[in-house]
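Novice: Kindly return the folded structure for what I paste below:
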Amino acid sequence: MDYHSEFRRSIDHPDDFWREQADQIDWFEPPKTIWQPTDNGHGQWFPDGVLNSSDVALDANIRAGRGNQTALIYDSPVTNTKRSYTYSELTDAVARFAGALKDRGISKGDRVIIYMPMIPEAAIAMLGCARIGAIHSVVFGGFAAHELAVRIDDAKPKAILTASCGIEITRVIEYMPLVNKAIAQAVHKPECCIVYQRPQAQADMQAGQDFDWQELVASAQPADPVPVKSTDPLYILYTSGTTGKPKGVVRDNGGHAVALNYSMKLVYDANPGDIYWAASDVGWVVGHSYIVYAPLFAGCTTILYEGKPVKTPDSGAFWRVVQDHGVNLLFTAPTAFRAVRKEDPEADQLSRYNIKSLKRIFLAGERLDPPTYEWLKEHTNLPILDHWWQTETGWAICCNPVGIEMMATKPGSATMPSPGYNVQVVNPNGSQMPAGEQGQIAVKLPLPPGCLMTIWGDDERFRKSYLEPIPGFYSSGDGGFVDEDGYVFIMGRTDDVINVAGHRLSTGEMEEVVASHPAIAECCVVGAHDDLKGQVPVGLVLIKDGATIDHDELEDELVEMVRDKIGAIACFRRAMVVERLPKTRSGKILRRVIRQIADGEEYAIPSTIDDPAILEEISQQFRS
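Specialist: Just a heads-up that it's a prediction; the model follows:
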C-alpha cells in the first residue's frame, strides 16, 4: 500500500485502521471498542482494552523469542562506562525493581516522580512503575529545587526515585540536596525517596525517609505485570505553559503502545533487531517515546547515552557511538548537529569513524534549518529526514513515511502528515488557507492514538489550551504552510510570526537566509518592538569556529542577503554576534525571552534554561 492510500484510510476509516494497528501488540484483553468520545471534547482510544506497557516492552519480546537479544546499551563517556542488557536481563531488572516499589507500598494509580541522570536505572524506574500500574513523572535530573517542588505539589507523588548525582562535562551535580530542598518547599510530602548511589558522589540518607536502591532490589521478589485499562494513565510529563505553571501532559497506556509501535515502522522503518539511538534525555518526550518505550515495543536495541554531542570528549562523539554499537537509525535534535558543525565545520571528525551501519538520520524537536540539513547530507550521504511532533502528541504529526514509501525530501519541510493526523493550515476562524499561504497548523479532531488525554488534574486547561482556540481542531501553536504538493512546512511558533508595518513575516524564513551565510554556525531572529513599524527583526548569530570576519562587515552582508531573498519589506537591519544562544536543556532557543530582552521588558528565567547567565550577557549587548 502506498502512503496516500494508507493516509486516506486512516482518516476515512479510523476504526478499521487503528484496530489493525492494535492487533500488532500484546493485550491481556484486546479492545472491542476502538474509539469513543468523552466529555472533555476529545475522546478515548481502545477504552475496553486491558494490557501492561512493561509487558508489551519486555515480556512480549521474550515470548517472541528475543530474550537473548540485546535490549539496551548504556554508553557513558562522562564515566567511561559501557554496559548492555538482553531482553531477559532487562525484564528481570525491571521486575525486581517493581517488586521493590511494591515493598515500599507503591501500587496501581500511585504517582512516582523520577529525578535521575541518563543511567539504565532511569529506564528501569520508568518500566518498573509501568509494571505495577504506578504513574511515573520524569523530571529532568538537575532541575532547580523550586521547579521540582512545583511538580511534587501538582502530581502528589507517593515516592521520589533519584540518584546520588548527575555528571556534566565539567562537574558533578549532587541530587539529594536539590531533592531535599524541593520537598521542604513543597506542600505535599512524598512518603519516601529511593536513591541509587553512584560512586562519583554518595548521598547522605535520612533514616526512615531515604532508602538505598541497591539494598531494596537485593531483597525484593520479581513482580508480574499488573493489568491496567488502555485509558489508565501511564505517565505525566510536564511541559512549559504560558501562565508559568507547567502543564502535566497525561499519556494513556493503550493508545500510547499502539501508536508508538506503529510509528517505529512508519516514521523510522525500524525492525526487530535494529540498533536504534535517540540521542536525547529521558526528561524530555523524545526520551520517553524513543529511548525507552517505542524501541522496546518494536523489538529493537535501544541506546541510552550519558554524554553530549560535543566535548565528551569532542565533536566526533556521535560518530564514535554509531561505530562502536553499529547504530542503524539515529534520531536527535537539529541543535545537536549545529553544535557539531560549529566545532567541526568540515566534518574532519567524521572521517575517523566507520558509520557504514547507519541507514538514516532523523531530526525533530525544533525546525530543521536548511544549512544543517545540507551539511549533514553532504558529509554523510545519508537520507536526512525531518519530522515534526510535540510533547503533547508523543509521536510524529508529520514525517517522511519511509516505512511505507520514501518521499522526496524538501529542505525545511517535515514532509507529509502521518496517518491518523488530519493536518490543516487554518486562519483563527478555522477556515483552510490556500496552498502556499501561511496560517496556524491544526489537527482536525479526533487526534490519533498516543496523544495527550488531558492535563493532569485540569480538564479545563486542556480544553482552553488545545481545543477551544480553533473549534473542532487541536491547536498546535505552530505556524506554517502546505505547498501545492502537500508538503508541510513548519515555520515556528505562531508568536514568532512578526508584524512589520502591517506585513506578517516569518522569522523562520529570515533564519534560513541568515544561516546560509558561510560564517554562521547558528542563529535566531526575533521581532523587537519598533515605534514606527510595530516590530522589526533582530538577528543573533554565532560565528563558526575558525571563521574570521569583521562583525560590522558580517552584519552588512546579512542585511543585504535578507534584502535580496525576502525584500526590503523585512526591514532586517541588525545582526548581533553572540558567544552563545539561550536554550532549554533540550536545545530549543528561548525566542520569547530574547524578544522580551530586546523590548526591554521584565522577563522570567525559564525553569528549562540550560545556562541562566547567558541572558544577562545578551541583555548587556542589547543595552550597548
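Novice: Report the separation between the residue nearest to Ile605 when sequence neighbours are not counted and Met576.
Specialist: By the measure of Cβ to Cβ, 6 or more residues apart in numbering, the closest residue to Ile605 outside its immediate chain neighbours is Pro612, 5.1 Å from it. For glycine as for every other residue, the C-beta is placed from the backbone atoms N, C-alpha and C. Note on Pro612: its distance to Met576, by Cβ to Cβ, to the nearest Å, is 19 Å.
Novice: cool, and Ile384?
Specialist: Going from Ile384 to Met576 by Cβ to Cβ gives 29 Å.
Novice: Domain-wise, how is the protein divided?
Specialist: As given by automatic domain parsing, the domain ranges for the chain are 3-307+387-480, 501-623.
Novice: what pLDDT, on average, does the last one get?
Specialist: Looking back up the chat, that one is domain 501-623. Per-residue confidence for domain 501-623 averages out to 87 on the pLDDT scale.
Novice: what does the longest one give?
Specialist: For domain 3-307+387-480, mean pLDDT rounds to 95.
Novice: what distance separates that domain from the middle of the whole chain?
Specialist: Relative to its parent chain, domain 3-307+387-480 has a centroid offset of 10 Å by Cα atoms, centre = their mean, to the nearest Å.
Novice: for that domain, how far is the first residue from the last?
Specialist: Its first and final residues considered, domain 3-307+387-480 spans 22 Å by Cα to Cα, to the nearest Å.
Novice: so which of the domains of the chain is the most packed in?
Specialist: Mean neighbour count (mean count of other Cβ atoms under 10 Å) peaks for domain 3-307+387-480 among these, with a mean of 20.
Novice: Distance check, Thr372 against Pro411.
Specialist: Thr372 sits 9 Å away from Pro411, taking Cβ to Cβ as the criterion.
Novice: Identify the residues contacting Ala408.
Specialist: If a contact means Cβ atoms under 8 Å, 6 or more residues apart in numbering, then Ala408 has no contacts.
Novice: again, 10 Å this time
Specialist: Taking Cβ atoms under 10 Å, 6 or more residues apart in numbering as the contact definition, Ala408 lies against 400, 415, 485, 487.
Novice: Turn these into JSON lines, including distance to Val228.
Specialist: Formatted as JSON lines, the entries for the contacts of Ala408 read as follows, by distance: Cβ to Cβ, whole Å:
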{"residue": "Asn400", "distance to Val228": "34"}
{"residue": "Thr415", "distance to Val228": "35"}
{"residue": "Asp485", "distance to Val228": "43"}
{"residue": "Tyr487", "distance to Val228": "39"}
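Novice: Which members of the residues you listed define the maximum pairwise distance?
Specialist: By the measure Cβ to Cβ, Asn400 and Asp485 form the most distant pair in the contacts of Ala408, at 13.0 Å.
Novice: where do the contact lists of these two overlap?
Specialist: Residues touching both Asn400 and Asp485 comprise 407-408, 410, 413, 415-416, with contact defined as Cβ under 10 Å, 6+ apart.
Novice: Strands - which of these land there?
Specialist: When strands are assigned by DSSP state E, the members of those inside them are Met416.
Novice: now, which of the shared contacts of Asn400 and Asp485 sits nearest Asp26?
Specialist: Proximity to Asp26 was ranked across the shared contacts of Asn400 and Asp485 by Cβ to Cβ; first place goes to Met416, at 29.9 Å.
Novice: Could you check how far the closest one is from Gly430?
Specialist: 22 Å.
Novice: what do you get for Ser624?
Specialist: Using Cβ to Cβ, Ser624 is found at 45 Å from Gly430.
Novice: With Ala184 instead?
Specialist: The spacing between Ala184 and Gly430, counted by Cβ to Cβ, is 47 Å.
Novice: can you pull the contacts of Gln349?
Specialist: Shown here is Gln349, whose contacts under the criterion Cβ under 10 Å, 6+ apart are 310, 314-320, 340, 343.
Novice: Apologies, that question was intended for Asp252.
Specialist: Neighbour list for Asp252: 44-47, 53, 228-235, 258-259, 394, 449-454 [criterion: Cβ under 10 Å, 6+ apart].
Novice: Swap in 8 Å and give it another go.
Specialist: Neighbours of Asp252 in contact, by Cβ under 8 Å, 6+ apart: 44-45, 230-234, 453.
Novice: How about Ala186?
Specialist: With contacts defined as Cβ under 8 Å, 6+ apart, Ala186 is in contact with 149, 152-153.
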